[in-house]
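*Asks:* okay, sequence plus prediction incoming.
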Amino acid sequence: MGEAGQAERLSNAAGGPSADRLAARFSLKRLALDESGATAVEYGLIVACIFLAIIGGLSAFASNENAMYARIGTAMGSALR
């Protein structure tokens, strides 16, 4: 009976859903319903948008900055003579 019972239990186990699949389904459902991290995600998106705006603004004025520093350098050079 031990061997026959073991074989029957294994064949039934192969046809049913695995415990890992059930656990994954349960945790994904809980994760979808959980709203505790929503505020942190929103703040992260706000910070990312601010960072992109700063980088975009700096890159737009990068060529103007180089020209400005060149003018300041020549003005300082001529003032020191």
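*Replies:* On my side now, so go ahead.

*Asks:* care to break the protein down by domain?
*Replies:* 1-34, 36-81 (automatic domain parsing).

*Asks:* any idea which of the ones you listed scores lowest on pLDDT?
*Replies:* Of all these, the minimum mean pLDDT falls on domain 1-34 (a mean of 59).

*Asks:* who's in contact with stretch 64-77?
*Replies:* For stretch 64-77, there are no surrounding residues in contact (C-beta atoms under 8 Å, 6 or more residues apart in numbering). Bear in mind the C-beta positions are built from the backbone N, C-alpha and C, glycine included.

*Asks:* kindly format the C-alpha coordinates of it as CSV.
*Replies:* Extracted C-alpha coordinates of stretch 64-77, given in CSV (Å, rounded to 0.1, in the frame of the first residue of the first chain):
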residue,chain,number,x,y,z
ASN,A,64,25.1,80.3,-24.0
GLU,A,65,27.0,79.6,-20.8
ASN,A,66,30.2,78.8,-22.7
ALA,A,67,30.0,82.1,-24.6
MET,A,68,29.2,84.0,-21.4
TYR,A,69,32.3,82.5,-19.6
ALA,A,70,34.4,83.3,-22.6
ARG,A,71,33.3,87.0,-22.5
ILE,A,72,33.9,87.1,-18.8
GLY,A,73,37.4,85.7,-19.3
THR,A,74,38.3,88.2,-21.9
ALA,A,75,36.9,91.1,-19.9
MET,A,76,38.9,90.0,-16.8
GLY,A,77,42.0,89.6,-18.9
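
*Asks:* list the buried ones in it?
*Replies:* Of all the residues in stretch 64-77, not one is buried under the rule 16 or more other C-beta atoms under 10 Å.

*Asks:* so where do the helices sit in this structure?
*Replies:* Ranges of helices within the chain are 2-15, 19-33, 38-60, 62-80, based on DSSP state H.

*Asks:* using PDB, list the CA coordinates for the third one.
*Replies:* Translated: helix 38-60. These are the backbone C-alpha positions of helix 38-60, laid out as PDB (Å, rounded to 0.1, in the frame of the first residue of the first chain):
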ATOM      1  CA  ALA A  38       1.500  54.500  -3.800                       C
ATOM      2  CA  THR A  39       2.600  57.800  -2.200                       C
ATOM      3  CA  ALA A  40       6.300  56.900  -2.400                       C
ATOM      4  CA  VAL A  41       5.900  56.100  -6.100                       C
ATOM      5  CA  GLU A  42       4.100  59.400  -6.700                       C
ATOM      6  CA  TYR A  43       6.900  61.300  -5.000                       C
ATOM      7  CA  GLY A  44       9.500  59.400  -7.000                       C
ATOM      8  CA  LEU A  45       7.700  60.400 -10.200                       C
ATOM      9  CA  ILE A  46       7.600  64.000  -9.200                       C
ATOM     10  CA  VAL A  47      11.300  64.100  -8.300                       C
ATOM     11  CA  ALA A  48      12.100  62.400 -11.700                       C
ATOM     12  CA  CYS A  49      10.100  65.000 -13.600                       C
ATOM     13  CA  ILE A  50      11.800  67.900 -11.700                       C
ATOM     14  CA  PHE A  51      15.200  66.300 -12.500                       C
ATOM     15  CA  LEU A  52      14.300  66.000 -16.200                       C
ATOM     16  CA  ALA A  53      13.200  69.700 -16.200                       C
ATOM     17  CA  ILE A  54      16.500  70.800 -14.600                       C
ATOM     18  CA  ILE A  55      18.600  68.700 -17.000                       C
ATOM     19  CA  GLY A  56      16.600  70.000 -20.000                       C
ATOM     20  CA  GLY A  57      17.000  73.600 -18.900                       C
ATOM     21  CA  LEU A  58      20.800  73.200 -18.300                       C
ATOM     22  CA  SER A  59      21.300  71.600 -21.700                       C
ATOM     23  CA  ALA A  60      19.300  74.400 -23.400                       C
END
